[in-house]
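Asks: Sequence unavailable; structure follows:
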């Protein structure tokens with residue numbers, strides 16, 4: 001159950017990133033710019049738990065409302081927190097993700113803070129974005145940089 005909820009959150013996180021990319025601001029409205037920046041920060045904060053999964057399901061390209069995405073994520077975050085606080089969820093976290101009790105506690109507290117940010121963002125004006133109109137961009141892998149010691153010793 002824990003792994004499934006995290007995988008769903010990962011899919012929703014990707015959807016949020018596409019949503020933010022599709023927000024249009026032809027008038028350069030400062031509040032919309034701030035909301036977009038807040039959504040980017042919030043989306044990146046979800047990676048505290050979603051980094052466990054690289055693959056995610058594809059989202060349907062249709063109209064999405066910001067409030068619906070945030071409500072879905074809030075529900076998933078609450079489910080993950082509940083699982084991490086339950087004995088069987090802690091056992092699953094240890095078995096699948098090799099998390100220690102301290103890491104589980106820190107993760108749980110981080111997720112509680114993210115849920116507060118989620119609730120704050122849900123109070124913002126609702127936006128609708130048609131993802132079918134958002135240009136599809138393939139993220140190219142960044143070239144691997146040589147570490148400091150590799151450059152130093154040229155190995």
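Replies: Okay, I see it. Keep in mind the model is a prediction, meaning the values are calculated, not measured.

Asks: wait, residue 62 sits on residue 131?
Replies: Yes. Taking contacts as CB atoms under 8 Å, residue 62 lies within contact range of residue 131: 6.4 Å. Every C-beta, even on glycine, is put in place using the N, C-alpha and C of the backbone.

Asks: Between the two, which is the more surrounded one?
Replies: More neighbours surround residue 131 than the other of residue 62 and residue 131, with 17 against 9 (other CB atoms under 10 Å).

Asks: That one is in contact with residue 64, isn't it?
Replies: Yes. Contact criterion CB under 8 Å: residue 131 and residue 64 qualify, at 6.2 Å.

Asks: For the two, list the residues in contact with both.
Replies: 15, 19 (CB atoms under 8 Å, 6 or more residues apart in numbering).

Asks: low-scoring stretches of the chain, by residue?
Replies: 55-61, 132-155 (pLDDT under 70).

Asks: And the strands in it, which stretches?
Replies: Under the criterion DSSP state E, the chain contains strands at 63-65, 128-130.

Asks: Mind listing what's buried along the first one?
Replies: So the one you mean is strand 63-65. residue 64 (16 or more other CB atoms under 10 Å).

Asks: go on, the last one?
Replies: Judged by neighbour count (16+ other CB under 10 Å), strand 128-130 contains these buried residues: residue 129.

Asks: That strand pairs with which strands, and in what direction?
Replies: Strand 128-130 has the following sheet partners, assigned by DSSP bridges: strand 63-65 (antiparallel).
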